[in-house]
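K.L.:
just a sequence and a predicted model for now, questions to come.
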Amino acid sequence: MVEAAPHAAPCVAVFGTDGGSPFVLVSDHAGQAIPPDLGDLGLSAAERARHIGWDIGIDGVGRALSQKLQCVLIEQVYSRLVIDSNRAPGHPTSIVEQSDGTVVPANTGLSAAQRAQRENTILHPYHARITQELDQRLQARRPTVVVALHSFTPQMKGVARPWHVGLLHNHDDRLARILIDLLRQEGLCVGDNEPYALTNTSDYTIPKHGEQRGLPHVEIEIRQDLITQPAGQQEWADRLARLLPLAWAEFCRQHGGAPSSPSTCQTEAAL
Ligand SMILES: [Zn+2]
């Protein structure tokens, strides 16, 4: 099997215009593309459209949110079934041989070279683009908050998940705690490290770009049935566009500085 060729389409899509916002949005699982050389991965269109292939609805939320916040959104274009951009290279679930009961024929028995090619053409360029964005901002001494956007399936292995939204955190829960409180004040059922917990090994994007760089960050998971349709996507974009700036203002109040005095808040946040 021939892997993704170097001439394949770019793996990164950038949305939104930076209007001075502290937020940088990243969406590891927004894409559904498959490199032409991999065909359909051996899966039906219905299987590829399931939650195993992408984070349903998060593209609409993220793009609307980037407009409302006037910030940049960096999306991975390729399906997580090709390679998962929220897993470290070589992680057992980086390139899944099966997911939620579905065997992925194009992912079985890959050679080290085939894996490396997916990493080099899809995973690494995506994260390099995020790094570039963050580097530029920090060189300009701008306050920078990494917001990772995801969605989760309402049911897993027959068990219903009650949370409307989940906030995932690990070594630095400061911004997540504030946003959890704000979302709960909306009357929502908010998961605190549910339906997943953020860890050094199960995640890659926030550990790499948020924790290791000492940047304030939050990882948001929205239940997919709430954002399958455009109306729900707009509703959640509106909500997050309202609450994220409030959360950041409260973060700066608690930890020093203010949104309007970036160097003070950035210095504190980097501790
Ligand atoms: Zn995801």
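P.N.:
Yep, that arrived.

K.L.:
got the residue ranges for the strands in the stretch 101-250 of the chain?
P.N.:
102-103, 145-152, 155-156, 159-160, 165-168, 190-192, 217-223 (DSSP state E, counting those that start in this stretch).

K.L.:
for the fifth one, the averaged confidence score.
P.N.:
Within the predicted structure, the mean pLDDT of strand 165-168 is 98.

K.L.:
does the ion have contacts with it?
P.N.:
No. Using CB under 5 Å from the ion, we find that strand 165-168 stays clear of the ion, coming within 10.2 Å at best. Every residue, glycine included, has its C-beta placed from N, CA and C.

K.L.:
partner strands of that strand and their direction?
P.N.:
Using DSSP bridges, the strands paired with strand 165-168 are strand 190-192 (parallel), strand 217-223 (antiparallel).

K.L.:
what residues does that strand touch?
P.N.:
Contacts to strand 165-168, defined as CB atoms under 8 Å, 6 or more residues apart in numbering, come from residues 152, 176, 179-180, 183, 188-198, 203, 206, 218-223.

K.L.:
and for the third one?
P.N.:
Outside of strand 155-156, the residues that reach it under the criterion CB under 8 Å, 6+ apart are 100, 161, 195.

K.L.:
how many other residues sit next to the last one?
P.N.:
In other words, P195. Neighbour count for P195, taken as other CB atoms under 10 Å: 17.

K.L.:
mind putting the strands paired with strand 165-168 into CSV with distance to the ion, mean pLDDT and mean neighbour count?
P.N.:
Below are those laid out as CSV (distance: least, CB to the ion, whole Å; pLDDT from 0 to 100; neighbours: other CB atoms under 10 Å):
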stretch, distance to the ion, mean pLDDT, mean neighbour count
strand 190-192, 14, 98, 19
strand 217-223, 7, 98, 25
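
K.L.:
among those strands, which is nearest Q32?
P.N.:
strand 217-223 (17.5 Å; CB to CB).

K.L.:
which bits of the protein sit near the ion?
P.N.:
Listed as neighbours of the ion in the chain under the rule CB under 5 Å from the ion: 29, 55, 150.

K.L.:
hang on, isn't the second one packed against S27?
P.N.:
Okay, so that is D55. Yes. With contact defined as CB atoms under 8 Å, D55 counts as touching S27 (7.3 Å).

K.L.:
which neighbours do the two have in common?
P.N.:
Here D55 and S27 have 149-150 as joint contacts, going by CB under 8 Å, 6+ apart.

K.L.:
the residue nearest to H127 when sequence neighbours are not counted: neighbouring residues, count only.
P.N.:
Leaving out its chain neighbours, the residue that sits closest to H127 by CB to CB, 6 or more residues apart in numbering is K208, at 6.6 Å. By other CB under 10 Å, the residues close to K208 number 16.
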